[in-house]
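Asker: give me a 3D structure for the following:
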Amino acid sequence: MSLAGVIICAMSVGVFKLAALGVDPFQSLMSGLDSLIPIKFGTLYVIVNAILLLFSIFADRHNIGIATFINLFLLGYITQFTHELLVRLFPAPSMPFRAVCLVIGIVVICFGSALYMTADLGVSTYDAVAIVMSGKWKLGKFKYIRICTDLVCVITGCILYVAAGNSVSTIPTIAGIGTIVTAFFMGPLIEFFNEKFARPFLNKQS
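Answerer: Predicted coordinates:
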């Protein structure tokens with residue numbers, strides 16, 4: 001379930017990137033870094049998450065599990081492959097097509113997240129940051145800490161994106177309606193897939 005969940009999430013991020021209507025907050029940061037740093041997205045993703053992994057190791061290693069490493073080493077490369085494939089298949093997507101891709105991306109990433117979270121074999125290095133700050137350091141409730149870390153990611157990603165020479169008018173491609181929708185609707189949709197599929201499936205296997 002962890003492996004399938006990470007693969008599905010990675011593919012959905014590729015769909016998000018094709019839609020170019022905004023991605024989730026952490027991917028906004030990654031998009032900014034990707035624009036500025038001239039290395040492949042998959043390799044960049046591993047480097048950034050390895051740095052965050054060091055934070056978890058020193059701060060609270062209880063959040064680290066096999067799913068953490070699956071996410072670290074696979075997600076970036078699968079996202080890169082999926083996006084490159086989709087760009088070759090659909091080199092000039094229309095706005096209606098991009099809107100459909102956005103909807104598909106949201107539904108698919110929530111389904112993948114439900115599998116990955118329900119398996120309970122560790123969290124992503126980014127998720128661990130807010131967990132440590134709220135649970136161990138007691139800086140506030142998780143939901144408020146997560147909002148703050150998400151805002152930092154989006155703002156930093158936009159600054160890096162513009163610093164890389166991109167136009168301010170194109171910022172909505174990395175921090176747009178898709179970013180807002182994921183912030184407000186991912187939680188309820190993940191819970192829906194948890195209740196209807198992931199938990200029943202895990203209980204059957206047990």
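
Asker: and the helix or strand of the chain with the lowest mean pLDDT, what other elements does it pack with?
Answerer: Within the chain, confidence by mean pLDDT, DSSP states H and E is lowest for helix 177-193 among all helices and strands, at a mean of 84. Using 3 or more C-beta pairs under 8 Å, 6 or more residues apart in numbering; DSSP states H and E, the elements in contact with helix 177-193 are helix 25-36, helix 95-119. Using the backbone N, CA and C atoms, a C-beta is placed for each residue, glycine as well.

Asker: let's see it as CSV, backbone CA atoms only.
Answerer: Coordinates of the C-alpha atoms in helix 177-193 are reproduced here as CSV (Å, rounded to 0.1, in the frame of the first residue of the first chain):
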residue,chain,number,x,y,z
ILE,A,177,-6.0,27.6,-8.1
GLY,A,178,-4.6,24.0,-7.8
THR,A,179,-2.7,25.1,-4.7
ILE,A,180,-5.8,26.6,-3.2
VAL,A,181,-8.0,23.6,-4.0
THR,A,182,-5.4,21.1,-2.6
ALA,A,183,-5.1,23.2,0.6
PHE,A,184,-8.9,23.1,1.3
PHE,A,185,-10.2,19.9,-0.3
MET,A,186,-7.4,17.3,0.0
GLY,A,187,-8.1,16.6,3.6
PRO,A,188,-11.8,15.7,3.2
LEU,A,189,-11.2,13.7,0.0
ILE,A,190,-8.3,11.7,1.5
GLU,A,191,-10.6,10.9,4.4
PHE,A,192,-13.3,9.8,2.0
PHE,A,193,-10.9,7.3,0.3
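
Asker: between that helix and helix 95-119, how big is the angle?
Answerer: Counting by axes from the mean of the first three to the mean of the last three C-alpha atoms, to 10 degrees, helix 177-193 lies at 40 degrees to helix 95-119.
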